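A.B. asks: sequence first, predicted coordinates after that:
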Amino acid sequence: MRRIRAEAARQPHTLEVVGANPTSTTNGVARHYENLRGWDRGTIIKRGEGMKVVAVELPADIDTLKIEVFADLHIGDRQCDMPLIRSRVEALAKDSTAYCILNGDILNNATKTSVSDCYSEAFTPMEQIQQAVELFAPVREKILAITTGNHERRTYNKEGIDLMEVFARQMGLYDRFSPASVLLFVSFGAAERRKSDGRRMTYSLFVNHGSGGGRKEGAKAIRLADMAAIVDADVYIHSHTHLPMVMKQAFYRVHPNNRSAALVSKLFVNTAATLDYGGYGDAQEYKPASKDTPTIYLDGHRRGMTARL
């Protein structure tokens, strides 16, 4: 396994580029960041210092890549809809063109000092981790990225133990884990105009669980759209607010070298929670939320992105 760490001088964030397994590639991403001043392969990434960059190369025979996002499952909460979650994982396992991202709050992890009621949990935090490992073990090779949510972060804030890091290590996927955000590059298919040289389509996806407590749909949409102010990517994936949402916006991407700008589309996706109504949500007067969550589709021959519920 090869690990490349890079820090760009005069940049506010540190980037970690990771080759996740023998099917992963970092060469293209690494070459891009070699152009930045202050390239240092020996820089150590400390928690909270920056996003992790993961580059994964998938099969060339995928015409359309399907990405399922599992987030806000809240395993351990008595309102968690485990039959629905299992059916989604089983469908993922059967689809050779489908992969997934785990974007935080996989575990409910109620503690004595959290707003959730630890006394009403169906399982202890350790049992929640084990359930998650058993649930996702059949699709381990399909997991592209793992992030920590605010529920798992509760234990880290109190004791320095990140339950999603424990999960990722048990799954053997620590190199695809970030306690914050992931900038994910996926390459697959065969670019229509570059088939002769074997060039694949590559998409960038910025993944972050999210934070904040705005209740109104407009506030949640703004939080999703604001991800574009952090990094330039093709797809933005946000969770946390439990509101399934798909947006597309157009931007001009500037190319200083040839003094031009190209109009590009960006896809914004907010995922749902897999919870029945009741418990904490009922007590806090939250509105019931749909459990239908968007599936992302990426074209393997020409640049095209969409998401559907």
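C.D. replies: It's in.

A.B. asks: CA only for contacts and neighbour counts going forward, please
C.D. replies: OK.

A.B. asks: nearest to the spatial middle of the chain, which residue is it?
C.D. replies: When CA atoms, centre = their mean is applied to the chain, the residue found nearest the centroid is V207 (3.8 Å).

A.B. asks: so what's it bridging to?
C.D. replies: Judged by DSSP bridges, the bridge partners of V207 are V182, I237.

A.B. asks: show the pLDDT at it.
C.D. replies: The per-residue pLDDT reported for V207 equals 98.

A.B. asks: going forward, the N-terminal residue is numbered 492.
C.D. replies: Okay, using 492 as the starting number, the last item reads as V698.

A.B. asks: surely it is in contact with H731?
C.D. replies: No. Assessed by CA atoms under 8 Å, V698 is found out of contact with H731, at 11.8 Å.

A.B. asks: what's the overlap in contacts for the two?
C.D. replies: Counting by CA atoms under 8 Å, 6 or more residues apart in numbering, no residue touches both V698 and H731.

A.B. asks: what about the stretch 692-800 of the chain, any weak spots by pLDDT?
C.D. replies: Applying pLDDT under 70 to the stretch 692-800 of the chain flags the ranges 704, 772-775.

A.B. asks: which residues does the residue nearest to the centre of the chain contact?
C.D. replies: Applying CA under 8 Å, 6+ apart, we find V698 in contact with N594, T638, S672, V673, L674, L675, Y727, I728, H729.

A.B. asks: any idea how far R569 is from G770?
C.D. replies: Distance, G770 to R569, using CA to CA, to the nearest Å: 8 Å.

A.B. asks: what is the nearest of the contacts of V698 to T588?
C.D. replies: T588 lies nearest to L675 out of the contacts of V698, by CA to CA, at 17.4 Å.

A.B. asks: what about the helices in the stretch 592-741 of the chain?
C.D. replies: Here the stretch 592-741 of the chain has its helices, by DSSP state H, counting those that start in this stretch, at 616-627, 641-650, 654-662, 708-716.

A.B. asks: which one of those helices lies nearest to A546?
C.D. replies: Nearest of the helices of the stretch 592-741 of the chain (CA to CA): helix 654-662, 17.1 Å.

A.B. asks: for that closest one, buried residues please.
C.D. replies: L654, M655, E656, F658, A659, M662 (16 or more other CA atoms under 10 Å).

A.B. asks: how about CSV for those, with pLDDT added?
C.D. replies: What follows is the buried residues of helix 654-662, written out as CSV (pLDDT from 0 to 100):
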residue, pLDDT
L654, 94
M655, 95
E656, 95
F658, 97
A659, 97
M662, 97
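
A.B. asks: redo these as a markdown table? Include distance to F742.
C.D. replies: A markdown table is the format used below for these (distance: CA to CA, whole Å):
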| residue | distance to F742 |
| --- | --- |
| L654 | 37 |
| M655 | 34 |
| E656 | 35 |
| F658 | 37 |
| A659 | 35 |
| M662 | 38 |
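
A.B. asks: what is the nearest of those to V760?
C.D. replies: Nearest to V760 out of the buried residues of helix 654-662 is M655 (CA to CA; 21.9 Å).

A.B. asks: can you verify my assumption that the closest one contacts T639?
C.D. replies: Yes. Here M655 reaches T639: they are 5.7 Å apart, a contact under CA under 8 Å.
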